[in-house]
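>>> Quick one, what's the 3D model for this:
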Amino acid sequence: MKFLFVLLILSSISLAFWQTQNVNDCDGAYVSLVMDDSGRLFISHGDYSVWLDYSHIFGWGYLEIETELTNYYTSLAVDNSQNVHIAWSHNFGLKYSDVYGAPQLLDTSCEWNTSIALYENGFPAIAYYGDTDIKFISWDGSQWNGEVVDAECGSSTVSLAINNSDQPLIAYSSIMGFLRLAQWNGSQWDISTIDSGGDFLSDGVSLTLDSSGNPHIACRKNNDLYYYYYDGSQWSSEAIDSGLFSILSSASITVDSYDNPHIAYNAITGSTSTIVYLHNDGSGWTREELEPGSYPSIIIDAYGDPAIAFAHSTGGVKYLCHNIVGIFSDPVASELLQGVRPNPANSVAWLDVTLKMPGDVDLTLCDLSGRVVHQLKFNDVQQGSASLEVDLSNIPSGMYMCRITSIEGSAATRLTVLR
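Residues are numbered from 1 along each chain as shown. As a prediction, the model looks like this:
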């Protein structure tokens, strides 16, 4: 019986599905998504004004960072103190803000995209394209210091990451026909050409580092999406998808806790742009077409699942999360459970439910293996909205599936318990 139970759980998890949330109805483009240590999400986007959207217990809120016209290519980072840093191109100049301060103009030349990352001490660094050069600028605590990394690159796109040794790496591609990686060695930039001889222009070469500090890159080459990976001694590459038929096609890459790559990009066929998700679990690539949209940005969320922010084709910004708890929910009854708060929780949590008719509500709390750790019945819950208190004082720290059932059906969400 135990063997059959495990098979059932594994089979269920394979039925994971994507859920979509509306974030902001403002014009969206050049989207960037990050997550802080508490699992809170931040999304920047700019198409004229620059917006910062952020998640909280009641949904999404927003700040308007820059109201003047012509703002593009936003990039986000969040430090260990949960402070948000944002860079963007403003009227072809480079701007920066730590959200709480006034925007700063750092360079009068920034013709293409920006990419921001943070040193261990929380100081920001930005890579960008300006004056036909790849440029880099960083804050040392008292002033900004800028330099040219690679000159005369032609129209280029950039992506910045900082490794465990606190050294920056910049991946960049160019219409000059190359993909390069520049890495700071402590005294100068070491530049290597990863690939050449193709059309590499797109709105988003994307770089991420795995747990060993090895770079992974997603980039358009000609009309295909390419994946590049350095294993510590050599580069490997492969074409993993086709369908990029526009200069506006962009890609975003991240890796999970197993160092497996996850990529989101928008494939353009004719006048249709579609967000595509690609994942390699070690046995090969899987592909899913998601929503109509462009400018995707992908992360691994607090639950270890992929999440994507993007500009929807009908306008506004949307957020996609890959939700495995949906397998325990009746989609028709999904409105039954409005949410759980706080999340993460310590000793107590409240389930916000909405009942169309009065009745009992059963709660089942399972760990990620499917083992039931807590059950509770709420008798005679009244029709309408209610908040149900759950005592977590005897529940160990961890992540749990929280399922409720009523006469109307069942619904589920995730709950993290932190001591």
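>>> what about the closest residue to residue 155 other than its chain neighbours, neighbour count?
Leaving aside its chain neighbours, residue 155 sits nearest to residue 175 (5.0 Å; criterion: Cβ to Cβ, 6 or more residues apart in numbering). Using the backbone N, CA and C atoms, a C-beta is placed for each residue, glycine as well. Neighbours of residue 175 under the rule other Cβ atoms under 10 Å: 15.
>>> which residues does residue 175 contact?
154-156, 199-201 (Cβ atoms under 8 Å, 6 or more residues apart in numbering).
>>> Dihedrals phi and psi, it?
phi -70, psi -10 (degrees, to the nearest 10).
>>> Return the distance of the longest strand along the chain from the chain's centre.
The longest strand of the chain (DSSP state E) is strand 285-300. Between the centre of strand 285-300 and the centre of its chain there are 10 Å (Cα atoms, centre = their mean, to the nearest Å).
>>> Go ahead and name everything in contact with the helix or strand just after it.
Remark: after strand 285-300, the chain's next helix or strand is strand 306-312, criterion DSSP states H and E. Counting by Cβ under 8 Å, 6+ apart, strand 306-312 makes contact with 23, 28-33, 35, 41, 43, 45, 47, 252, 254, 256, 262, 264, 266, 275, 277, 279, 290-301, 317-322, all of which sit outside it.
>>> Tell me where the stretch 1-150 of the chain has helices.
Here the stretch 1-150 of the chain has its helices, by DSSP state H, counting those that start in this stretch, at 2-13.
>>> Please apply the same query to the stretch 301-419 of the chain.
According to DSSP H, counting those that start in this stretch, the stretch 301-419 of the chain contains no helices.
>>> Tell me, please, where in it the pLDDT is lower than the cut-off.
Within the stretch 301-419 of the chain, the stretches with pLDDT under 70 are 323-334, 368-370.
>>> mind listing what's buried in stretch 32-44?
32-36, 40-44 (16 or more other Cβ atoms under 10 Å).
>>> Would you convert the contacts of residue 175 into a markdown table that also reports pLDDT and neighbour count?
What follows is the contacts of residue 175, written out as a markdown table (pLDDT from 0 to 100; neighbours: other Cβ atoms under 10 Å):
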| residue | pLDDT | neighbour count |
| --- | --- | --- |
| 154 | 79 | 13 |
| 155 | 77 | 14 |
| 156 | 82 | 25 |
| 199 | 82 | 14 |
| 200 | 79 | 26 |
| 201 | 66 | 21 |
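>>> so of the residues you listed, which ones are in strands?
Counting by DSSP E, the contacts of residue 175 contribute residue 156 to strands.
>>> Find the pair from the contacts of residue 175 with maximum spatial separation.
Pairwise distances across the contacts of residue 175 peak at 12.8 Å for 156 and 199 (criterion: Cβ to Cβ).
>>> Next SSE downstream of the helix or strand harbouring residue 262?
Residue 262 belongs to strand 261-269 when assigned by DSSP H and E. Using DSSP H and E, the helix or strand that follows strand 261-269 towards the C-terminus is strand 272-280.
>>> In this structure residue 191 contacts residue 185, no?
No. The criterion here is Cβ atoms under 8 Å, and residue 191 misses it with residue 185 at 10.7 Å.
>>> Compare these two (neighbour count), which wins?
Each of residue 191 and residue 185 has its neighbours counted (other Cβ under 10 Å); residue 191 has more, 14 against 9.
>>> Identify the bridge partners of the nearest residue to the more buried one once chain neighbours are set aside.
Among residues not flanking residue 191 along the chain, residue 182 sits closest, at 4.7 Å (Cβ to Cβ, 6+ apart). Residue 182 forms beta bridges with residue 170, residue 191, as assigned by DSSP bridges.
>>> about what we covered before: out of the buried residues of stretch 32-44, which is nearest to residue 62?
residue 43 (8.8 Å).
>>> Return the distance of that closest one relative to residue 23.
6 Å (Cβ to Cβ, to the nearest Å).
>>> Please enumerate the shared neighbours of those two.
53, 309, 317, 319.
>>> Pick out the most distant pair among the buried residues of stretch 32-44.
Largest pairwise distance in the buried residues of stretch 32-44, by Cβ to Cβ, is 15.0 Å, between 32 and 40.
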